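Colleague: here you go, sequence then predicted model.
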Amino acid sequence: MNIKVMNFVIAAVTVLFSANAFAAAPIKIGALFAVTGPAAFLGEPERNSAKMVVDEINKSGGIKGHKLELVVYDTSGDATKAVQLATKLIKDDKVVAIIGPSTTGETMAVIPVAERSMIPLISCSAGSKITDPVKKWVFKTAQNDSLAVGKIYEYLQKRKLTKVSLLTVSDGFGASGREQLKIQAPRYGITVVSDDTYGPKDTDMTAQLTKIRGSHAQAIICWGTNPGPALVAKNVRQLGIKTPLFMSHGVSSKKFIELAGSAAEGIKLPSGKVIVADMLPASDKQKKSLMAFVKDYQRHYNTEGDHFGGHAWDAVMLIRNAIDNGAVTAAAIRDHIENTRGFAGIGGTFNYSAHDHAGLGKDAFVLVEVKNKDWKIVK
Amino acid sequence: MQFDQILQYTLSGLSTGAIYALIGIGFSIIYNATGIINFAQGEFVMLGGLFTLSCLEFLKLPLWAAIPCAIAASTLVGMLFERLAIRPLRQPTPINLVIITIGGSILIRGLAMLVWGKDTHAVPSFSGDTPIAIGGATILPQHLWIFAITLIIIAVNKVYFYHTISGKAMRACSYNRRAAGLVGIDVRRMVMFSFIISSAMGAVAGIIIAPLTMTAYDVGVMLGLKGFCAAIIGGMSSGLSTVIGGLLLGVLESLGAGLISSGYKDAIAFIILLLILFFRPQGLFGKADSERV
């Protein structure tokens, strides 16, 4: 009898003490990233960045005494897996918000789960259909493709270049870019004179480019992610094509310059501001966030941070700011994110509202040119 | 202009086709010696390129030394693959062998991903990047290397299979393994040999295209399939017909992408593969009676 009482007392004391020690319980955030598989180039930096920010926040004492706990699952770019893992995050891990997934396909699959369970989802993928139409619980931090397309077309319009040839990769990213390029062209007085695609695993694009060479285009726009565009750049050089070549923000990392080598010189592309962070004027609102992100990433992972990682950084920061303002439940976090104005992150300056859950404007992109194996901002 | 375009399509097609041919011959050498379709053939192409990269970057070897090293390393992997995965098999039924080679290819690809990461890597070209104009079309010096090396390999193959004892022994195995064994040919050694030759050839193919196409842990899949197409068109012969099969495939792909639609580029290869399998399973140039077991 005595022993039983003692046990009870000990148990009660332990519970009391542990409850005291964690007066403010850690807040659990879920994350779904495609760390392996074909979209690993997105998922890996995203996971790294998210972990990095959460670690830093916890090291500096958490947010108002709350530590953050990040639960990351790898979706390997598979939509079915993403849905299962999202359910697991919500049901088993009891997270208050989910960051990710990395690709548009996965995000579209996860949206119904988040909506049904009323958990805010901050996607790191770019597809505009994620937040168009607006869904109550869904936000995104990656820039819409349409903004990148607009940036290129604005430049062409200024130079009075009106005939473009398209060369897009035949996957989700390329298809979405191709659609935007075709929809927006008339708005800038531009005609698409040829429209070709290449496979994500193709090793030679000279056939398509030979056709483009015969089409009298004034600019070639290639929409894809590494390594395809690097091959396109090399093939353009090989065929002696002098038409200016534009790429998408899908290749705005040093890796592209490394792969394309000297063939990258002179290529222009819209890019998030990460890669030119140190060249931005001090007046730029994002400069402080950008420099912090770039330096931290370099220190933690010994490699350059890219804008993909930036999407996850922005997502964690949005949640952090919400918690900082006293939100600890899923619903309160959602409301605070929706009311975020003028948050200068990595992807751009976010202004969310009840009608806009993408939050970014055209200033999220700068047009950069490859010069001497480095980036240069095109004025 | 139109003629220039056709010329460019053809030249581009021939250079990709030469690669398909090299990979295709790798398929048929193993098939003829062992009756196995080695679906891991594409992985040796990948290994060739990536081993070259490691020799260049980590061992700091010059290119002329890195290439033989890379071929040797890939060949070693081929030998290990034969020794550890193919030879221990008690009942080498075709279906078992096919599954083992597919499994082997996934394993090799997975290991390569762990060793070299998921990124694509660039490899320097052998002799510069200054385009060479031929008529209205242009090719790169690397393309000349590809043509030359493909020709040399085909010639060496011919000499080996028709003028050396071990080459003749390997052909004997392909006609009839049991009879070959009865006349004193060590069939197992011939099988090992066939793996050595084809993995070395795959590696060479991987090395000479890496400067043009760049390389990554997963380049072997598509190239392997295209090489397989070339071998099927050529009726699984390890000679000229597979070469012609590869070149034909490359040119048709390139012309199709240029003149019809670039969206159908891969479809063209696989439609050809299906048509050949339906209507001329003995290959485009084979005789209907040349039955191989």
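Modeller: Cool, got the structure.
Colleague: point out the residues in chain A that sit beside chain B.
Modeller: Taking C-beta under 8 Å from any C-beta of the partner chain as the criterion, chain A approaches chain B at residues A:36, A:40-41, A:44, A:170, A:196-199, A:201-204, A:206-208, A:210-211, A:213-214, A:226-227, A:230-231, A:234, A:237-240, A:255, A:258-263. For every residue, glycine as well, the C-beta is placed using N, CA and C.
Colleague: going through those residues, which ones are buried?
Modeller: Buried by 16 or more other C-beta atoms under 10 Å in any protein chain shown: A:36, A:40-41, A:44, A:170, A:196-199, A:201-204, A:206-208, A:210-211, A:213-214, A:226-227, A:230-231, A:234, A:237-239, A:255, A:258-261, A:263, out of those.
Colleague: picking that back up, which ones among the residues of chain A next to chain B map onto helices?
Modeller: With DSSP state H as the criterion, helices contain A:40-41, A:44, A:206-208, A:210-211, A:213, A:230-231, A:234, A:237-238, A:255, A:258-260 from among the residues of chain A next to chain B.
Colleague: separation between residue A:335 and residue A:349?
Modeller: Plainly put, residue A:335 is 20 Å away from residue A:349 if you go by C-beta to C-beta, to the nearest Å.
Colleague: so which of the two has more stuff around it?
Modeller: residue A:349 (18 against 14; other C-beta atoms under 10 Å in any protein chain shown).
Colleague: so who does the more buried one touch?
Modeller: A:285, A:286, A:342, A:343, A:360, A:361, A:363, A:364 (C-beta atoms under 8 Å, 6 or more residues apart in numbering or on different chains).
Colleague: rerun at 6 Å
Modeller: Contact analysis of residue A:349 by C-beta atoms under 6 Å, 6 or more residues apart in numbering or on different chains lists residue A:285.
Colleague: ok, the longest helix anywhere in chain B near chain A or not?
Modeller: Taking DSSP H as the criterion, chain B has its longest helix at helix B:2-34. Yes. Using C-beta under 6 Å from any C-beta of the partner chain, we find that helix B:2-34 touches chain A at B:5, B:8, B:9, B:12, B:16.
Colleague: just the buried residues of the residues you listed.
Modeller: Using 16+ other C-beta under 10 Å as the burial test, the residues of helix B:2-34 next to chain A include B:5, B:8, B:9, B:12, B:16 as buried.
Colleague: output these in CSV; the columns should cover pLDDT.
Modeller: Listed next are those as CSV, based on pLDDT from 0 to 100:
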residue, pLDDT
B:5, 85
B:8, 90
B:9, 91
B:12, 89
B:16, 89
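Colleague: of all those, which two lie farthest apart?
Modeller: Greatest spatial distance among those (C-beta to C-beta): B:5 and B:16, at 16.6 Å.
Colleague: give the full set of residues in contact with the closest residue to chain A within the stretch 51-200 of chain B.
Modeller: Scanning the stretch 51-200 of chain B for proximity to chain A using C-beta to the nearest C-beta identifies residue B:120 as nearest, at 3.9 Å. Residue B:120 is in contact with A:226, A:227, B:214, B:216, counting by C-beta under 6 Å, 6+ apart.
Colleague: before we move on, what about residue A:219?
Modeller: Applying C-beta under 6 Å, 6+ apart to residue A:219 gives the contacts A:156, A:161, A:164, A:244.
Colleague: just among those residues, which is most surrounded?
Modeller: Highest neighbour count within these, by other C-beta under 10 Å: residue A:164, with 27 neighbours.
Colleague: a strand runs through it, doesn't it?
Modeller: Yes. Applying DSSP: H, G, I helix; E, B strand; the rest coil, one finds residue A:164 inside a strand.
Colleague: rewinding a little: closest to residue A:251 among the contacts of residue B:120?
Modeller: Using C-beta to C-beta, those come closest to residue A:251 at residue A:226, 5.8 Å.
Colleague: look at that closest one and report its pLDDT.
Modeller: Looking at residue A:226, its pLDDT is 82.
Colleague: what's it sitting at in phi/psi?
Modeller: Backbone torsions for residue A:226, taken as degrees, to the nearest 10, come to phi -50, psi 150.
Colleague: ok, it - contacts?
Modeller: A:251, A:255, A:256, B:120.
Colleague: from the residues you listed, pick the one nearest residue B:179.
Modeller: Each of the contacts of residue A:226 was scored against residue B:179 by C-beta to C-beta, and residue B:120 proved nearest at 47.8 Å.
Colleague: okay, buried residues for stretch B:64-74 please.
Modeller: Buried, per 16+ other C-beta under 10 Å, within stretch B:64-74: B:66, B:67, B:69, B:70, B:71, B:73, B:74.
Colleague: swap in stretch A:314-327?
Modeller: For stretch A:314-327, burial by neighbour count (16+ other C-beta under 10 Å) applies to A:314, A:315, A:316, A:317, A:318, A:319, A:320, A:321, A:322, A:323, A:327.
Colleague: let me know the secondary structure of the second one.
Modeller: What that stands for is residue A:315. helix.
Colleague: pLDDT wise, what is it at?
Modeller: 95.
Colleague: right, and it touches residue A:142 too?
Modeller: No. Between residue A:315 and residue A:142 no contact is recorded; they are 9.5 Å apart, counting by C-beta atoms under 6 Å.
Colleague: state the helix or strand in which residue B:75 lies.
Modeller: helix B:63-81 (DSSP states H and E).
Colleague: helices or strands up against that helix?
Modeller: Contact partners of helix B:63-81 among helices and strands, from 3 or more C-beta pairs under 6 Å, 6 or more residues apart in numbering or on different chains; DSSP states H and E: helix B:41-57, helix B:187-213.
Colleague: that one to helix B:2-34, inter-axis angle?
Modeller: Interaxial angle of helix B:63-81 relative to helix B:2-34 (axes from the mean of the first three to the mean of the last three C-alpha atoms, to 10 degrees): 40 degrees.
Colleague: what's the neighbour count on residue 32?
Modeller: With no chain named, the answer covers chain A. Per other C-beta under 10 Å, the neighbour tally for residue A:32 reads 31.
Colleague: ah, no, chain B please
Modeller: Per other C-beta under 10 Å, the neighbour tally for residue B:32 reads 20.
Colleague: low-confidence ranges in the stretch 151-293 of chain B?
Modeller: Applying pLDDT under 70 to the stretch 151-293 of chain B picks out residues B:286-293.
Colleague: does residue B:53 touch residue B:124 like I think?
Modeller: No. At 9.7 Å, residue B:53 and residue B:124 do not qualify as touching, with contact defined as C-beta under 6 Å.
Colleague: which of those two has more neighbours?
Modeller: More crowded of residue B:53 and residue B:124, by other C-beta under 10 Å: residue B:53, with 21 against 14.
Colleague: so what's residue A:51 closest to, chain neighbours aside?
Modeller: Spatial nearest neighbour of residue A:51, chain neighbours left out: residue A:70 (6.3 Å); criterion: C-beta to C-beta, 6 or more residues apart in numbering or on different chains.
Colleague: so where do the strands sit in the stretch 1-150 of chain A?
Modeller: Ranges of strands within the stretch 1-150 of chain A are A:27-33, A:68-74, A:97-99, A:121-123, A:138-140, based on DSSP state E, counting those that start in this stretch.
Colleague: Throw these into CSV and include mean pLDDT, thanks.
Modeller: Compiled in CSV, those are given as follows (pLDDT from 0 to 100):
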stretch, mean pLDDT
strand A:27-33, 95
strand A:68-74, 95
strand A:97-99, 96
strand A:121-123, 96
strand A:138-140, 95
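Colleague: save those as JSON lines, and put in distance to residue A:185 too.
Modeller: Below are those laid out as JSON lines (distance: least, C-beta to C-beta, whole Å):
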{"stretch": "strand A:27-33", "distance to residue A:185": "34"}
{"stretch": "strand A:68-74", "distance to residue A:185": "38"}
{"stretch": "strand A:97-99", "distance to residue A:185": "34"}
{"stretch": "strand A:121-123", "distance to residue A:185": "27"}
{"stretch": "strand A:138-140", "distance to residue A:185": "25"}
